[in-house]
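J.: Structure of the sequence below:
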Amino acid sequence: MSERSVSAVAPDGVPEVRPGDDLAALLLAVTDVADGDIVVVTSKVVSKSEGRLIPGVDRDAAIAQESVRVVARRGPTSIVSTRHGLTMAAAGVDNSNVALGTLALLPLDPDDSARRLRTEITARTGVRVAVVITDTAGRPWRQGQTDIAIGAAGLTVLDDHAGREDAHGNPLAVTAPAVADEIAGLAELASSKLGNRPFVVVSGLGDLVLESGRHGPGARALIRPATEDLFGFGAREAVVRAMAGDQTDQAYFGTPASAAEFSAALEQVTGLAAAAHRDGHVTLAGLDSRDSRLAPLAFAHGWTLEADGHESDTDQGIGARFRPSTP
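T.: Numbers count the residues shown, from 1 in each chain. Here you go, the predicted model:
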């Protein structure tokens, strides 16, 4: 197996970026790019160049404006989903590395910003490059933050290993490195958070760079669909949303649980055995449908509580009947 070398260079000398500035010109004034390089750019300078700056009078209002859904809230900290589909603290609204009294919002469409910057760099240099736009985010269950890719162009953002084998012959089924995020983290190490180096050129990963003119799916491809998200709400919020039973929240609880899984949940909560039937329904004897535990439990599992058992069912002791919902 041949050696592999990857390098990341963060050039100095980039002036303060202002609305309307030409990012491609600023980059090429401080460094060269070669075929197969990946240009990594902080979202902050993209936001500045695109004029995504507002007075920082009401940060909470700015967060609400940029959010489409609150995932969790603890005191002043809000984890939200943005219009881009990103789930992050404060919707990416930030007051660092901007003038005092100013807030920076994320680019309106980071993938489009990456495509336009890539097109400009290629037009001026004639070389094949990829572009990644980054922002800083926390991770569930982990302290600290790291940079992730929120926009990308010309890059294989997810390296799916399904169908491959490891060195021992074991088949790989779910391994899919999020290489765009890994590149973002590498670039942040090279630039450092307070280094005033908004551009990083990563070399040695040319096999991940697409041919010029083919931009690929962008960083949006890294966003997990709502129905596949096992943690669509914070712990407290999940309880509240299940109790509220708003149908617009159904997708964030995932696809309907199997009859066996839902029956087990019913038994765990009520202490009574549930029965799964061939017609796809689940029934529970010993409680009627007005028991306050049943509707939220059904909602959280993607099921719907229909009503008390029909007269023909009463003799069988059926108290509540459930069917799978469709998110």
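
J.: pLDDT wise, what is residue 37 at?
T.: Looking at residue 37, its pLDDT stands at 98.

J.: Surely it touches residue 200?
T.: No. Under the contact definition of Cβ atoms under 8 Å, residue 37 does not touch residue 200, with a separation of 10.2 Å. The way it works is simple: take the backbone N, C-alpha and C, and place the C-beta from them, glycine included.

J.: any idea how far residue 20 is from residue 196?
T.: As defined by Cβ to Cβ, to the nearest Å, residue 196 lies at a distance of 20 Å from residue 20.

J.: These two: which has the busier surroundings?
T.: Neighbour tally, residue 196 and residue 20, criterion other Cβ atoms under 10 Å: the higher count belongs to residue 196, 14 against 9.

J.: chain center to the longest helix seen in the chain, what's the gap?
T.: Among all segments of the chain classified by DSSP state H, the helix with the greatest residue count is helix 110-125. Taking the mean of its C-alpha atoms, helix 110-125 sits 23 Å from the chain's own mean (Cα atoms, centre = their mean, to the nearest Å).

J.: mind starting the numbering at 498 from now?
T.: Sure, I'll start counting at 498 from here, so that last one is helix 607-622.

J.: How about residues contacting it?
T.: By Cβ atoms under 8 Å, 6 or more residues apart in numbering, the residues outside helix 607-622 that reach it are 519-521, 524-525, 530, 536, 538, 540, 543, 547, 581, 604, 624-630, 647-651, 709, 712, 715-717.

J.: Taking these, please make a ChimeraX selection of just the buried ones.
T.: The buried residues among those can be selected in ChimeraX (16 or more other Cβ atoms under 10 Å) with this line:
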select :520,521,524,525,530,536,538,540,543,547,581,604,625,626,627,628,629,630,647,648,649,650,651,709,712,715,716,717
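
J.: Helices of the stretch 648-797 of the chain, start to end?
T.: With DSSP state H, counting those that start in this stretch as the criterion, the stretch 648-797 of the chain has helices at 676-688, 732-741, 756-767, 791-797.

J.: Would you mind saying which of those helices lies nearest residue 502?
T.: Distances from residue 502 to each of the helices of the stretch 648-797 of the chain were compared using Cβ to Cβ; the shortest belongs to helix 676-688, at 12.9 Å.

J.: Just the CA coordinates for that closest one, please, in CSV.
T.: The C-alpha atoms that make up helix 676-688 are tabulated as CSV, following Å, rounded to 0.1, in the frame of the first residue of the first chain:
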residue,chain,number,x,y,z
VAL,A,676,-15.2,13.5,4.3
ALA,A,677,-16.5,17.1,3.8
ASP,A,678,-16.8,17.4,7.6
GLU,A,679,-13.4,15.8,8.1
ILE,A,680,-11.9,18.3,5.7
ALA,A,681,-13.6,21.2,7.5
GLY,A,682,-12.1,20.0,10.8
LEU,A,683,-8.6,19.7,9.3
ALA,A,684,-8.9,23.2,7.8
GLU,A,685,-9.9,24.7,11.2
LEU,A,686,-6.8,23.2,12.7
ALA,A,687,-4.6,24.9,10.1
SER,A,688,-6.3,28.3,10.3
